[in-house]
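> Below are the sequence and a predicted model for it; my questions follow.
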Amino acid sequence: MTESQAPGPARLTLTRPDDWHLHVRDGAVLADVVPASARQFGRAVIMPNLRPPVTTTEAALAYRERVRAVVPRGVRFEPLMTLYLTDRLSADEVVRAKDAGIVAVKLYPAGATTNSEAGVTRPRGVYPALEVMQRLGLLLLVHGEVVDPTVDVFDREQVFLERELQPLRRDFPELKIVMEHITTREAAQYVAGAGPRTAATITAHHLLYNRNAIFAGGLRPHWYCLPVLKREVHRLALVAAATSGSDRFFLGTDSAPHAAALKEHACGCAGCYTAPAALALYAEAFERAGALDKLEGFASRHGPAFYGLAPNAERVTLERRAWTLPETLPFGDTVVKPLRGGETLAWQLVEEALA
């Protein structure tokens, strides 16, 4: 596959998209990061990996209200809540979550990524909870990496597919599973062939960059995320999947803000903060592939369909207009550095939530 450099249209209007994988943290920083997503997206699936993690329905509903409280006045944005899957999640709690409108449960292998220490240590140990989720129609969202020191960090996703996801898919054929932020050709191929109850989200940064970006001109911590960026062959496979028109693939930013000092620390945090320019970055990726006509399906249609929801009624418009993304943004009592901060972007959101 080759990517096109030919310019597309100067203006692009879409059904208002949704973000099916978003981190907004908690506390004072909520007011600094939630508005960036609310201005672009109608809904967002909010990740539960707080400290302490969101493991109960009561905690998820309280978190939802804290997110809603900082949505800008007049903006329609709905946080869709998730529970953090632990070895102790009970069937009763799954039932309570479903009754309360929780949309999914998130599986983090213990130790795989940020705040995942309380995650699953043995997938078969959570089968009772998964059985209830399958019966009730609650989705399972998967961080697809093994935690095994003998497995190379660049191979963790592929090994997870073989060791964990394929047996899970076999044992729970009716369970809807989203393999989140896929990064490899193998994951894209697996999802494409796994049947209608398996889907995947893809981030803008994994569409735009390969692992060379982490080392361009030195070590660049703001390009470090988990799962880590991969080889160019994998990036191209993700672009092909995202632009294919397949409803198995949809938008999930995995935008993950960390204070700049913690990203630039001796042991820096994993995560790319892409929310402030998310739609501009996706438009850039799809335009490079000569596939802007496929962006609306990927961003606005496929995700709601998989979750059993209607698309948003509003529209948003992107315009080809050069603008500079700020190098730093407020983040509580410190700052956060968005991916591509200080750089000029080609697309800009110009109209929000048009009826």
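The structure has been received and is ready for your questions. These numbers come from a predicted model, not from an experiment.

> Can you tell me how far the spatially closest residue to residue 297 that is not a sequence neighbour is from residue 301?
In space, and not counting its chain neighbours, residue 297 is closest to residue 245: 6.0 Å by C-beta to C-beta, 6 or more residues apart in numbering. C-beta coordinates here come from the backbone N, C-alpha and C atoms, glycine included. Applying C-beta to C-beta, to the nearest Å, the value for residue 245 to residue 301 is 10 Å.

> State the pLDDT value of residue 327.
The per-residue pLDDT reported for residue 327 equals 98.

> now stretch 244-255, how far from the chain's geometric center?
Centroid displacement of stretch 244-255 relative to its chain, using C-alpha atoms, centre = their mean, to the nearest Å, is 9 Å.

> Flag every buried residue along it.
Buried positions in stretch 244-255, judged by neighbour count with 16 or more other C-beta atoms under 10 Å: 244, 246, 248, 249, 250, 251, 252, 253, 254, 255.

> Averaged pLDDT, that stretch. What do you get?
In the prediction, stretch 244-255 has an average pLDDT of 98.

> same check, this time on stretch 45-59
96.

> For that stretch, list the C-alpha coordinates in PDB.
This file holds the C-alpha atoms of stretch 45-59, laid out as PDB (Å, rounded to 0.1, in the frame of the first residue of the first chain):
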ATOM      1  CA  VAL A  45     -15.900   5.700  26.400                       C
ATOM      2  CA  ILE A  46     -14.100   6.700  29.600                       C
ATOM      3  CA  MET A  47     -11.300   4.400  30.800                       C
ATOM      4  CA  PRO A  48     -11.400   3.200  34.400                       C
ATOM      5  CA  ASN A  49      -7.700   3.000  35.300                       C
ATOM      6  CA  LEU A  50      -7.700   5.600  38.000                       C
ATOM      7  CA  ARG A  51      -6.000   5.400  41.400                       C
ATOM      8  CA  PRO A  52      -7.900   3.600  42.900                       C
ATOM      9  CA  PRO A  53      -9.400   1.900  39.800                       C
ATOM     10  CA  VAL A  54     -13.100   2.200  39.000                       C
ATOM     11  CA  THR A  55     -14.200  -1.400  40.000                       C
ATOM     12  CA  THR A  56     -17.800  -0.800  41.100                       C
ATOM     13  CA  THR A  57     -20.900   0.600  39.500                       C
ATOM     14  CA  GLU A  58     -21.200   3.200  42.300                       C
ATOM     15  CA  ALA A  59     -17.700   4.400  41.600                       C
END
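
> Show me what it is in contact with.
19-26, 60, 63-64, 67, 79-84, 86, 89, 93, 96-97, 100, 102-104, 106, 108, 113-116, 118, 141, 252 (C-beta atoms under 8 Å, 6 or more residues apart in numbering).
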